[in-house]
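A.B. asks: coordinates only, no sequence provided:
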């Protein structure tokens, strides 16, 4: 599994699609519908307080999946309790996925940096 | 030797900071806790940090402000967590009224220098709070500006600076403890 993280609008999806040579029909926004690319994990995590079982199943079904998640933890601690919990959950889930990932890529202004391993598509 | 470690919420920066202390091989390990234990969430957060530290041989010193007043053992490895709480505690003081931010920042930096004089290794944890693009009230904006400047000052003092991203340390300054870091494709 490859994990691709970065702020909103940093070019994660464009980069991954260009590397995998696939179109948007291979992109799912729901980890239960396993496709080559699972994007928008942060949005899915809003409704999932126990995300790991679903994600473990995804990794079993699609060991080569590329997961995209926005970094959302680098702002002021939100006043709202749910928002705080969600933000923390996104961070912890990304830590857990990064541990399992063979490669972690961070996108910044459209520029990819490998922060763990090597891309599986090389 | 001083190390500055920062990252967003839930980035794994605390676990990484602890690993720097443990891997240093220094047996005397001091944890300086600066968070006021307010509310249930604060208690849960503190409990989580305690569980993370358990079995790693830390002695905890709780000190909300005025770190220049504490004495740590000579040659120890000290972990200060974190600058955000410490600066807020210094700024708002014991009465909850904001004082002069420059004075609060100076107090924090005095504390860091004092600890650095005695400890062999000082690891300082900060937070990245500066990338949500939101506008807050004037007091909050002043707090953020001053905290950002303080983080920069702590990084300038440090021999090594790491940003932790989903548990992965990215080195921005100094020599590596570990051979990981960002490499551009």
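C.D. replies: Arrived safely. A quick note: this is a predicted structure, and the numbers were derived from the prediction, not measured.
A.B. asks: what about residue A:14, how many residues close to it?
C.D. replies: 11 (other CB atoms under 10 Å in any protein chain shown). Placement of C-beta: from N, CA and C, glycine included.
A.B. asks: for the chain, which segments count as helices?
C.D. replies: With no chain named, the answer covers chain A. Using DSSP state H, the helices of chain A run over A:12-20, A:41-44, A:52-61, A:81-100.
A.B. asks: let me rephrase: I mean chain B.
C.D. replies: Under DSSP H, chain B gives helices at B:13-23, B:39-53, B:83-92, B:101-118, B:138-157.
A.B. asks: surely residue B:73 is in contact with residue B:29?
C.D. replies: No. Here residue B:73 lies out of contact with residue B:29, judged by CB atoms under 8 Å, at a distance of 9.7 Å.
A.B. asks: picking up where we left off before, can you say which of the helices of chain B is packed in most?
C.D. replies: helix B:83-92 (a mean of 22; mean count of other CB atoms under 10 Å in any protein chain shown).
A.B. asks: summarise which helices and strands that helix is packed against.
C.D. replies: Packing partners of helix B:83-92 (3 or more CB pairs under 8 Å, 6 or more residues apart in numbering or on different chains; DSSP states H and E): helix B:101-118, helix B:138-157.
A.B. asks: so for residue A:67, which of these sits nearest?
C.D. replies: helix B:138-157 (30.0 Å; CB to CB).
A.B. asks: show me how far that closest one is from its chain's centre.
C.D. replies: In this view, helix B:138-157 has its centroid 13 Å away from the chain centroid, taken as CA atoms, centre = their mean, to the nearest Å.
A.B. asks: any part of that helix near chain A?
C.D. replies: Yes. Using CB under 8 Å from any CB of the partner chain, helix B:138-157 reaches chain A at B:140, B:144.
A.B. asks: and that helix with helix B:83-92, angle?
C.D. replies: Using axes from the mean of the first three to the mean of the last three CA atoms, to 10 degrees, the direction of helix B:138-157 lies 130 degrees away from that of helix B:83-92.
A.B. asks: residue A:118 - nearest residue in space that isn't next to it in sequence?
C.D. replies: residue A:103 (5.9 Å; CB to CB, 6 or more residues apart in numbering or on different chains).
A.B. asks: is stretch A:81-92 positioned near chain B?
C.D. replies: Yes. Under the criterion of CB under 8 Å from any CB, chain B is reached by stretch A:81-92 at A:81, A:84, A:87-92.
A.B. asks: which one of those residues sits closest to chain B?
C.D. replies: For the residues of stretch A:81-92 next to chain B, the minimum distance to chain B (CB to the nearest CB) is 2.0 Å, reached by residue A:91.
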